[in-house]
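Trainee: Everything below, folded, please.
(one chain, ligands or ions: 2)
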Amino acid sequence: MANDEGDGTMATYDYDVLYIGSGHGTFDGAIPLAAKGVHVGIIEADLIGGTCPNRGCNAKITLDAPVELQRRAEALSGIVTGQLGIDWSQNMAHKHQVIDDLPNFINGLLESVGIKVLHGYGQLVDAHTVAVGDQQVTADKIVIATGLRPHRLAIPGTDLAHDSSDFMNLTELPANITIIGAGYIAMEFATIANAAGAKVTMIMRGDKALRRYHQPFVEAIISDLEKRGVRFMRHTQVTAIEQADQQVHVVTDQDETLTTDWVLDATGRIPNIENLGLEKVGVVTTEHGIKVNSHLRTTVDNIYASGDVLDKKQPRLTPTAIFESMYLSRKFAGESDAPIDYPAIPSVVFTSPRIAKVGVSIEAAEKDGLTIEKHDVLDDWYRHVNKERFGQNALIFDQGHHLVGATEVSDRADDVINTLLPAIALKLDKEQIGRIVTLFPTIGSSAWGQL
Ligand SMILES: Cc1cc2nc3c(=O)[nH]c(=O)nc-3n(C[C@H](O)[C@H](O)[C@H](O)COP(=O)(O)OP(=O)(O)OC[C@H]3O[C@@H](n4cnc5c(N)ncnc54)[C@H](O)[C@@H]3O)c2cc1C
Ligand SMILES: NC(=O)c1ccc[n+]([C@@H]2O[C@H](COP(=O)([O-])OP(=O)(O)OC[C@H]3O[C@@H](n4cnc5c(N)ncnc54)[C@H](O)[C@@H]3O)[C@@H](O)[C@H]2O)c1
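Mentor: Ligands and ions are numbered 1, 2, ... in the order given. Presented below is the predicted three-dimensional model:
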């Protein structure tokens with residue numbers, strides 16, 4: 001590839017665009033970019049597709065499917081007779097069937113548009129050169145999309161704890177599991193492990209779980225998990241983990257040491273920014289990730305960043321990574337040079353019931369004096385079809401009565417928020433909403449019926 005260097009000289013590179021990392025921050029945008037004739041390369045040190053397909057969303061939601069079914073059967077018990085159990089090894093086998101071929105599948109998509117995948121760990125040599133093993137490749141533009149990795153507690157015995165990938169590869173479910181943290185991974189995996197029969201203890205350093213979600217909704221989930229036997233230890237710090245024969249001791253700063261079979265360290269995820277040569281070429285980072293401007297450009301002109309590795313306010317989720325990779329795709333194809341304009345990005349915690357939200361939060365609405373309409377979802381007849389046990393939501397409206405935010409805790413919270421998304425993303429007014437006719441009776445008609 002020949003590129004005008006600005007001083008009349010032409011530089012020749014192996015690729016027009018070279019991505020480091022092959023997750024959603026890369027492939028969703030790289031594929032249409034290459035299909036337009038742009039010469040694209042991707043460097044990947046591990047499985048093609050990155051975290052979400054291989055050790056995140058897809059694996060987790062497959063393991064959760066029987067939990068959702070079990071909860072539905074439980075709600076309809078008496079009508080549905082017998083109790084549903086979860087066979088852990090069958091659940092794991094099913095997960096493998098669903099996800100194991102995804103790297104091949106994604107690789108096929110990449111190859112079909114002529115993208116070359118270089119297997120190995122990429123390190124910047126200079127602003128246009130990346131070393132992969134003993135090879136060096138050059139590119140006009142480079143995108144860093146190296147994602148996050150699990151944070152590990154800096155305490156004695158930390159190596160005795162496991163991470164989310166280890167959990168999703170457990171061939172047998174330990175009888176007694178201790179989870180440190182109370183964020184997304186802790187709450188979702190506690191739900192799955194408890195439903196499959198493990199005794200679960202959650203250790204929270206503070207008082208709040210899922211701190212970015214409406215706390216009364218979070219507390220409703222916690223009290224439901226408590227009724228199911230999950231123990232929440234608040235204001236407790238783990239100070240050491242010790243091996244004791246076949247078991248593990250979790251030492252805390254309270255008067256209690258827990259004896260357990262298996263420990264999950266779910267204390268967050270940190271950016272993969274070390275050993276990439278970023279400092280050497282002048283790419284500025286913070287402890288939260290790579291600093292970029294509103295064009296996702298780093299402090300080096302031809303180097304961009306995408307996905308979870310960005311230091312950003314938006315949630316570090318797959319839909320955000322996809323949006324960023326698509327933005328860069330259009331930019332590199334010369335279709336737009338506008339700054340990135342993030343839409344409202346929805347998020348959900350796959351506990352059972354779920355908590356989901358999009359747009360303006362209840363807390364921000366209270367501060368800004370916006371209209372908040374709260375509903376008990378059980379006031380809607382449709383929610384009695386599956387005998388939902390509890391659920392609440394809040395719809396936030398601006399002065400012009402446009403829907404600008406929604407939050408729900410319920411068995412169908414994810415579907416409700418997805419249904420309402422277009423109203424928020426496209427700023428629909430009442431008349432436009434009135435032209436949306438939904439199938440009846442469905443969760444969609446139930447969700448729009450509230451407006
Ligand atoms: C357990 C779990 C569950 C999740 N569940 C959800 C969910 O339900 N919904 C949701 O929206 N999000 C979920 N997420 C978050 C989602 O997985 C991420 O937001 C998404 O994967 C980010 O994509 P990415 O491309 O930025 O990074 P990643 O997918 O992490 O990809 C980065 C890639 O870069 C590679 N890499 C790193 N350094 C180098 C190097 N130097 N050279 C070559 N390759 C390198 C890595 O091997 C990796 O493949 C979950 C995450 C986890 C951990
Ligand atoms: N449903 C989803 O979309 C989903 C599911 C799983 C993961 N994810 C993604 O993965 C990311 C990582 O998830 P996560 O659950 O690991 O992180 P998180 O940030 O959601 O939660 C981390 C938890 O660990 C606690 N913690 C942090 N440092 C600690 C310390 N030193 N000692 C004790 N506790 C500590 C925090 O208080 C918090 O409760 C999420 O931010 C999200 O982007 C998303």
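
Trainee: that's a helix at Asp414, yeah?
Mentor: Yes. The assignment for Asp414 by DSSP: H, G, I helix; E, B strand; the rest coil puts it in a helix.

Trainee: Please give me every residue in contact with it.
Mentor: Val348, Phe350, Arg354, Ala356 (C-beta atoms under 8 Å, 6 or more residues apart in numbering). All C-beta spots, glycine's among them, are computed from the backbone N, C-alpha and C.

Trainee: Repeat the analysis, applying 10 Å as the threshold.
Mentor: Pro346, Ser347, Val348, Val349, Phe350, Pro353, Arg354, Ile355, Ala356, Glu408, Ile443 (C-beta atoms under 10 Å, 6 or more residues apart in numbering).

Trainee: Tell me how the chain divides into domains.
Mentor: What the record gives for the chain is the domain set 2-150+270-332, 158-267, 353-449, from automatic domain parsing.

Trainee: Nearest to Pro339 among those domains would be which one?
Mentor: Smallest distance to Pro339 across those (C-beta to C-beta): 3.6 Å, for domain 2-150+270-332.

Trainee: can you count the residues close to the closest residue to ligand 2 within the stretch 151-300 of the chain?
Mentor: Per C-beta to the nearest ligand atom, Gly183 is where the stretch 151-300 of the chain lies closest to ligand 2, at 1.8 Å. Using other C-beta atoms under 10 Å, Gly183 has 17 other residues around it.

Trainee: Low-confidence ranges, the protein, go.
Mentor: Residue ranges of the chain with pLDDT under 70: 1-10.

Trainee: near ligand 2, which residues of it show up?
Mentor: Residues of the chain lying close to ligand 2 (C-beta under 6 Å from any ligand atom) are 153, 180-186, 188, 205, 266-269, 316-317, 347-350.

Trainee: hmm, which of those residues are the buried ones?
Mentor: 153, 180-186, 188, 205, 266-267, 269, 316-317, 347-350 (16 or more other C-beta atoms under 10 Å).

Trainee: so who does the nearest residue to Asn272 once chain neighbours are set aside touch?
Mentor: The shortest distance from Asn272 to any non-neighbouring residue, by C-beta to C-beta, 6 or more residues apart in numbering, is to Thr146 (4.0 Å). With contact set as C-beta under 10 Å, 6+ apart, Thr146 has these partners: 19-21, 23, 25-26, 43-45, 50, 121-122, 271-274, 276, 278, 289-290, 305-309.

Trainee: Return a ChimeraX selection command for the buried portion of those.
Mentor: Buried subset of these, written as a ChimeraX selection, criterion 16+ other C-beta under 10 Å:
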select :19,20,21,23,25,26,43,44,50,122,271,272,273,276,278,289,290,305,306,307,308,309
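
Trainee: Give me the subset of the contacts of Thr146 that also touch ligand 1.
Mentor: 20-21, 23, 25-26, 43-45, 50, 121-122, 272, 276, 307-309.

Trainee: What degree of burial does Thr320 show, as a neighbour count?
Mentor: 21.

Trainee: Any figure for the gap between Pro53 and ligand 1?
Mentor: Distance of Pro53 to ligand 1, computed by C-beta to the nearest ligand atom, to the nearest Å: 8 Å.
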